[in-house]
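Asker: How does the following fold in three dimensions:
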Amino acid sequence: MQKSTFRIEKMDCPSEEQLIRMKIGNFPSVHQLVFDISGRKLEVFHSGELDLIRSELNKLSLQSALIKSEEVSGPFSITKETEKRVLWAVLLINFSFFLIEMATGIISKSMGLVADSLDMLADAVVYGLALMAVGRSMSTKKAVAKVAGIAQIILSLIGFTEVIRRFFGFEALPDFKMMIIVSFFALIANALCLYLLQKSNSTEAHIKASMIFTSNDIIINTGVICAGLAVLWSGSVIPDLIIGGIVFLIVLNGAIRILKL
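Answerer: Below you'll find the predicted structure:
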């Protein structure tokens, strides 16, 4: 058994982790992947095929470099059922708020809420791909990732185009009360997701990465709340358009990363 350690320069969020898992995680020679996202390192426990692993990682264009490869012995850890339950819980929470924020965003004419709903959808996709990593074929996972990525790109571009149109047009003010209330509950939902992830006491990299992802979502929720308050105080639609445009770009970037598969 070999342990090969790689430096992945562009691995800084769960999206890159899932790209790597889906690229090499199903190789018969790969027994375990250990991620250190903050340190941008990947440990691959495998039996042979090092050149193939290096080649596939290079195809992701994440600036991968082999640090060292050494002989090691097992045993290796496996994904716990409790971790699967946590991932299912945060997936359902995020997808539910995608539906809620999309509906209320359209009703309230808030691009901030619509954009945040797509961010919730992007999170649900990441959690779903993490769950699909167990017991599914590579072709199935790639097909789901491709459809999800294309859908998010289309929705993000439509949303960003609408932001530009509203910026140069004369639009009614969004319902700042609905913006603030719905974003506040979305913030609570993300805080609950973060609590569930922390409560799992998992040392697995994908759980730790999900904590970082969810923490960033809380920041976005806070941004939409602040935009709602700014709409109230300024009497202008601009704050809502700014936060909407920023979040649409974040979702677009995540979707492009998924399509790199």
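Asker: Quick one: list the elements packing against the helix or strand Phe185 falls within.
Answerer: Per DSSP states H and E, Phe185 falls inside helix 176-199. If you count contacts as 3 or more Cβ pairs under 8 Å, 6 or more residues apart in numbering; DSSP states H and E, helix 176-199 packs onto helix 81-108, helix 111-132, helix 205-234. Using the backbone N, CA and C atoms, a C-beta is placed for each residue, glycine as well.
Asker: again, only using 10 Å
Answerer: helix 81-108, helix 111-132, helix 205-234, helix 238-259 (3 or more Cβ pairs under 10 Å, 6 or more residues apart in numbering; DSSP states H and E).
Asker: Quickly compare those helices and say which is most buried.
Answerer: helix 111-132 (a mean of 26; mean count of other Cβ atoms under 10 Å).
Asker: strand partners of whatever helix or strand Leu66 lives in, parallel vs antiparallel please.
Answerer: Per DSSP H and E: Leu66 is located in strand 64-71. For strand 64-71, the paired strands and their directions (DSSP bridges) read strand 2-8 (antiparallel).
Asker: Quick one: distance of the partner strand to the chain centre.
Answerer: Distance of strand 2-8 from the chain centroid (Cα atoms, centre = their mean, to the nearest Å) equals 24 Å.
Asker: Next: stretch 245-259.
Answerer: Mean C-alpha position of stretch 245-259 versus that of the full chain (Cα atoms, centre = their mean) differs by 10 Å.
Asker: May I ask you to confirm that Ser15 is in contact with Ala122?
Answerer: Yes. Counting by Cβ atoms under 10 Å, Ala122 is a contact partner of Ser15 at 8.5 Å.
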